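# for reference, the sequence and a predicted model appear below.
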Amino acid sequence: MNFTRRNFFKISGIWAIGLGVLPVYKTVTGSELSSGKFLPGKDELTGHNWAMVVDLNKCQDDCQDCVKACHGIHNVPAINNSKEEVKWLWLEPCPKALPNLEHKYLDNRTKNKAVPVLCNHCESEGRDRAY
């Protein structure tokens, strides 16, 4: 192979493309993320895990105050399209929100009550439910 200016630019171009594609490939495939290269920095923000307890005896029927307060504080957009809406807190019928709560001592008032459902943006993703 004759090493000409044209061949030099071809080889340089191939190397440049290869070096540019490699970081993108690692990021897309996740190999870069799982390798442990990205560690928390010394100035990382530290947070707390919060919990919320809802007393269903104090909830009034058709009240949306908790939903409005949550969405207002967290700047959740109001989107009327049900396929694209964003919800952090919403009301669902009790059997739909708590499907494992069914037992013979459950009264009709509780069974038909709308209960607040949380977004589960926390680490445990709703696996630790308090009944």
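Structure's in. What do you need?
# now the helices for the protein?
Along the chain, the segments classed as helices by DSSP state H run 5-29, 31-34, 65-73, 94-97, 108-111.
# now what about the last one, what contacts it?
Helix 108-111 has contacts (C-beta atoms under 8 Å, 6 or more residues apart in numbering) with 56, 94, 95. The way it works is simple: take the backbone N, C-alpha and C, and place the C-beta from them, glycine included.
# I'd say the second one and residue 101 touch.
Yes - using C-beta atoms under 8 Å, residue 94 makes contact with residue 101 at a distance of 6.8 Å.
# more crowded one of these two?
The neighbour comparison of residue 94 against residue 101 (other C-beta atoms under 10 Å) goes to residue 94, with 18 against 14.
# ok, the more buried one - contacts?
Neighbour list for residue 94: 101, 110, 111, 112, 113, 114, 115 [criterion: C-beta under 8 Å, 6+ apart].
# against residue 14, how distant is it?
Residue 94 is 63 Å from residue 14, where distance means C-beta to C-beta, to the nearest Å.
# now residue 92
57 Å.
# again with residue 112
Distance of residue 112 to residue 14, computed by C-beta to C-beta: 68 Å.
# please apply the same query to residue 80.
Using C-beta to C-beta, residue 80 is found at 51 Å from residue 14.
# what about the chain, any weak spots by pLDDT?
The chain contains residues with pLDDT under 70 at 1, 28-41, 43-51, 120-131.
# quick check: domain ranges of it?
Under the assignment automatic domain parsing, the domains of the chain span 1-46, 47-131.
# among these, which is the most enclosed?
domain 47-131 (a mean of 11; mean count of other C-beta atoms under 10 Å).
# what's near enough to touch the residue nearest to residue 74 when sequence neighbours are not counted?
Excluding its sequence neighbours, the residue lying closest to residue 74 (C-beta to C-beta, 6 or more residues apart in numbering) is residue 88, at 5.7 Å. Shown in contact with residue 88 (C-beta under 8 Å, 6+ apart): 70, 71, 74, 76, 118, 119, 121.
# no further queries at this time; thank you.
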